[in-house]
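*Asks:* kindly return the folded structure for what I paste below:
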Amino acid sequence: MRLTRRTKLFAVAAAVPVAVGVAVAVAAPPSTNFADVPSANTRSQGFSPANKLSAGLAEIAVAQGSTKVENPGSVSYYGYDNDTLNTAGEPVMVASAATGNTEAHKTEPDKNVYLVFNGGLKGADPGYDYGEHFLFQGHEGGSPGNITRINLDADAAHRVTLLATQDSSGTNLATIDGVTWDPFARRLLFTTENQNAPTYSATPAYPSQVNDVSGALGRGGYEGIQDDSDGNLWIVEDIGGAFKGATTAKVPNSFLYRYVPKKPGDLANGKLQVLQVMNAAHQPITQASQTALQSPDQVALHVYGSVFDTKWITIHDTAVNGNAPFNANLAAKTANGTPFKRPENGAFRPDGKFEGFYFDETGDTDATSPENDCCGGWTSVFKLTQNDPSSNTGKLRLFYKGDQAHAGFDNVAFMTGNLIAFVEDAGDKLHGQRNALDSGFLFDITKSYADPANVPIRWLAEGRDASATLDADNAGFGKNDGDNEITGIHVSDGDLSAKGILGARTPRPFQPSDDERQSGAWRVFWTQQHGDNPTWEVVKP
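*Replies:* Sure thing, here's the model as predicted:
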């Protein structure tokens, strides 16, 4: 059964419990006018506040952890493993004395990719019409790793399809973090945030064919991954560094990479490059030059108005080095690439030129770090500009330097042509230190944040569901995380073609797609990771 747009909304409500956070307003503001949420939710023991969104916005859960997948096996539910079962054979989702104060491991759905397949896709039920609108994600926790597809047009029984738990060789998948759609390869690409684990490509239909492509793309603490119009892949790494002496500041240890395929869509033949940033003396800024506490290079990178020359250094070429999987992080250090404090994700300015790339540093996520104010310890956002996406040289400058109230940035997406959203993953420790849970912020890229009069807009103040509150109060029962985290912020019209690459067109949230073939609108999703693990669609009610 194919559902109409009106029926789909009712199907969502029937499929999963719906939680809506709406601030009262006389009329919904224009989609480009996001109202500020005045404050973050506070963090205190046993307290489970609701999410708060900009006035005129609401959210609908399109799936949550307790949503049963249509084809259960080693994974039976969207957000839970089968490692701890009750007497009825169901995973224990809430720990209690009756369960020995333990619970099933949460699988943590992470990044999202929204795609529209005209003509639909196959699922586990060969007689069912799954519609055309789909949301894909990998799961960051649990064992084995898995890939799921939320069938946005489907009924409750067919809402979530488990696409894969193994690769084409029969090996269990590693846990997954990042994802993007490569329109040239016609494959989903998944990263694992583990320098010893594969980078994957996967087909979108059921069952998914998953292949290890780390012989060309490498293995690293990869998180963010993004296409450009030339078919290059930009990869942002997240590996925390060692502590600097007896302090809570960490050595920068993660890199920005670019994979240049032999031809667009070739995931087996190409070059992997690392970004190298030059200091004022035109010497490379390396890990060695940033190891000392508050090192001159690290301080200089975080000064508004400073501009640094950059170049891409090839660290692996399949034509020379072959196709065996390799450790990209080690190769980047050997080549004197420039590491940052956990630069987790990035996005291109959506003007179709792919000349401006914004990426964040999550930082040290500790209020006691002596590098918070000077060196990216709170968080930072950098802007890399090039003449075109395949240029070998460019310029790097600081776009935003964080503070205690704006810290631990992780996921990113452009909401409109000039508004870029960064969401926090500050972690339980910093949540407690500042008495504030995570928030999502909007920045106007036409403004200078060196001017203290310019401040970001809070569009989302994340709450904490009951499951996450229990985990936080009980150290995760030895297996699960604590507070909820904002992840998977994603704005797309689902276009499968190169025109649909994020950065190719100006996003228009809640408005019709520029491409009539997409039979839909620009849609906004995010995942409230940990706890009940709901994935939300943001809507205008």
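*Asks:* and the strands in the stretch 251-400 of the chain?
*Replies:* In the stretch 251-400 of the chain, strands defined by DSSP state E, counting those that start in this stretch lie at 256-261, 270-277, 307-317, 346-348, 356-361, 380-385, 393-401, listed in chain order.
*Asks:* can I get these in CSV with distance to Pro126 and mean pLDDT?
*Replies:* Where you see a C-beta, it was placed from the backbone N, CA and C, and this is true even at glycine. As requested, those are arranged in CSV below (distance: least, C-beta to C-beta, whole Å; pLDDT from 0 to 100):
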stretch, distance to Pro126, mean pLDDT
strand 256-261, 35, 98
strand 270-277, 37, 98
strand 307-317, 42, 98
strand 346-348, 38, 98
strand 356-361, 42, 98
strand 380-385, 47, 98
strand 393-401, 49, 98
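*Asks:* which one, of the ones you listed, ends up nearest to Val412?
*Replies:* With C-beta to C-beta as the measure, strand 346-348 is the member of the strands of the stretch 251-400 of the chain nearest Val412 (4.8 Å).
*Asks:* pairing partners for the closest one, with directions?
*Replies:* According to DSSP bridges, strand 346-348 has the following sheet partners: strand 356-361 (antiparallel).
*Asks:* which residues touch the partner strand?
*Replies:* For strand 356-361, the surrounding residues in contact (C-beta atoms under 8 Å, 6 or more residues apart in numbering) are 224, 234, 236, 256, 340-349, 376, 379-386, 399, 409-410, 412, 420, 422, 445.
*Asks:* what angle do it and strand 270-277 make?
*Replies:* Relative orientation of strand 356-361 and strand 270-277, computed by axes from the mean of the first three to the mean of the last three C-alpha atoms, to 10 degrees: 70 degrees.
*Asks:* what about stretch 342-362, start to end distance?
*Replies:* Length of stretch 342-362, first residue to last, C-alpha to C-alpha, to the nearest Å: 5 Å.
*Asks:* and if you look at stretch 65-83?
*Replies:* Taking C-alpha to C-alpha, the span from the opening residue of stretch 65-83 to its closing residue is 15 Å.
*Asks:* point out where the stretch 301-450 of the chain drops to low pLDDT.
*Replies:* Confidence mapping of the stretch 301-450 of the chain against pLDDT under 70 gives zero matching residues.
*Asks:* contacts for stretch 391-401?
*Replies:* Stretch 391-401 is contacted from outside by 277, 301-312, 358, 376, 378, 380-387, 406, 443, 445, 449, 456, using C-beta under 8 Å, 6+ apart.
*Asks:* list the buried residues for it?
*Replies:* Going by neighbour count (16 or more other C-beta atoms under 10 Å), the buried part of stretch 391-401 is Gly394, Leu396, Leu398, Phe399, Tyr400, Lys401.
*Asks:* buried ones in stretch 533-541?
*Replies:* Residues of stretch 533-541 classed as buried under the neighbour-count rule (16+ other C-beta under 10 Å) are Asn533, Pro534, Thr535, Trp536, Glu537, Val538, Val539.
*Asks:* could you dump the helix or strand containing the fifth one to CSV, C-alpha only?
*Replies:* Yep, that's Glu537 we're talking about. Using DSSP states H and E, Glu537 sits in strand 535-539. This file holds the C-alpha atoms of strand 535-539, laid out as CSV (Å, rounded to 0.1, in the frame of the first residue of the first chain):
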residue,chain,number,x,y,z
THR,A,535,15.0,9.8,15.3
TRP,A,536,13.0,12.9,14.7
GLU,A,537,11.6,14.8,11.8
VAL,A,538,11.3,18.6,12.4
VAL,A,539,8.1,19.9,11.0
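*Asks:* neighbouring strands for that strand, and are they parallel or not?
*Replies:* Take DSSP bridges as the rule and strand 535-539 pairs in its sheet with strand 58-63 (antiparallel), strand 523-529 (antiparallel).
*Asks:* re earlier: between the strands of the stretch 251-400 of the chain, which gets nearest to Ser492?
*Replies:* Of all the strands of the stretch 251-400 of the chain, it is strand 346-348 that lies closest to Ser492, at 11.7 Å by C-beta to C-beta.
*Asks:* quick one: end-to-end length of stretch 232-240, please.
*Replies:* The first and last residues of stretch 232-240 sit 26 Å apart, counting by C-alpha to C-alpha.
*Asks:* got the contact list for that stretch?
*Replies:* Residues from elsewhere that reach stretch 232-240 (C-beta under 8 Å, 6+ apart): 177, 180, 182, 189, 191, 193, 195, 217, 220-228, 250, 253-261, 328-329, 342-346, 357, 359, 362, 389-390.
*Asks:* show me the residues you listed that map onto helices.
*Replies:* Cross-referencing these against helices under DSSP state H gives Ala328, Asn329.
*Asks:* which residues does Gly138 bridge with?
*Replies:* Judged by DSSP bridges, the bridge partners of Gly138 are Ile147.
*Asks:* would you check that it makes contact with Leu189?
*Replies:* No: with contacts defined as C-beta atoms under 8 Å, Gly138 does not count as touching Leu189, sitting 10.1 Å away.
*Asks:* quick one: pLDDT of the nearest residue to Tyr78 once chain neighbours are set aside?
*Replies:* Leaving aside its chain neighbours, Tyr78 sits nearest to Thr67 (4.3 Å; criterion: C-beta to C-beta, 6 or more residues apart in numbering). Predicted confidence (pLDDT) at Thr67: the value is 98.
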